[in-house]
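**Student:** Below: sequence and its predicted model.
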Amino acid sequence: MNIKRCICGKVITRNFDLCDKCLAEYGADRSKWDEWLVFMVADLKREYRQQAIIDEREIPFSELGIY
Ligand SMILES: [Zn+2]
């Protein structure tokens, strides 16, 4: 399972980094985002990519050395 989540915890189904509610609140223009928001989105994206890699290669968590 590879689920993308918004910074608020909501599952995102569209190809964007925020849910509709947060998108309406913070806007689609990243250059206008606050620093904490940029940081949180980047952090979630990293987690999402990592999850995608795990799903793809089916590597046991123990072999990744992160647990
Ligand atoms: Zn959200």
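**Tutor:** Structure received.
**Student:** count of residues packed around Cys19?
**Tutor:** By other Cβ atoms under 10 Å, 20 other residues sit near Cys19. (Glycine included, C-beta is placed from N, CA and C.)
**Student:** now do the one 4 residues further on
**Tutor:** Other residues near Leu23 come to 15 when the count uses other Cβ under 10 Å.
**Student:** now Ile54
**Tutor:** 16.
**Student:** helix/strand/coil for it?
**Tutor:** helix (DSSP: H, G, I helix; E, B strand; the rest coil).
**Student:** Mind pulling up the pLDDT for it?
**Tutor:** The model reports Ile54 with a pLDDT of 78.
**Student:** ok, now Ser62?
**Tutor:** Model confidence at Ser62, given as pLDDT, is 65.
**Student:** Where does pLDDT dip in the chain?
**Tutor:** 1, 58-67 (pLDDT under 70).
**Student:** Spell out which residues of it are next to the ion.
**Tutor:** Counting by Cβ under 5 Å from the ion, the chain comes close to the ion at 6, 8, 10, 19, 22.
**Student:** Now for the residues you listed: which two are most distant?
**Tutor:** Spatially, the most separated pair among these is Lys10 and Cys22, at 7.8 Å (Cβ to Cβ).
**Student:** Show me which of those two is the more surrounded one.
**Tutor:** Between Lys10 and Cys22, counted using other Cβ under 10 Å, Cys22 has the larger neighbour count: 18 against 13.
**Student:** Just confirm that one contacts Ile7, I think it does.
**Tutor:** Yes. Using Cβ atoms under 8 Å, Cys22 is in contact with Ile7, at 6.3 Å.
**Student:** Quickly note the distance from Gly9 to Trp36.
**Tutor:** Using Cβ to Cβ, to the nearest Å, Gly9 is found at 16 Å from Trp36.
**Student:** Many thanks, I have nothing further to ask.
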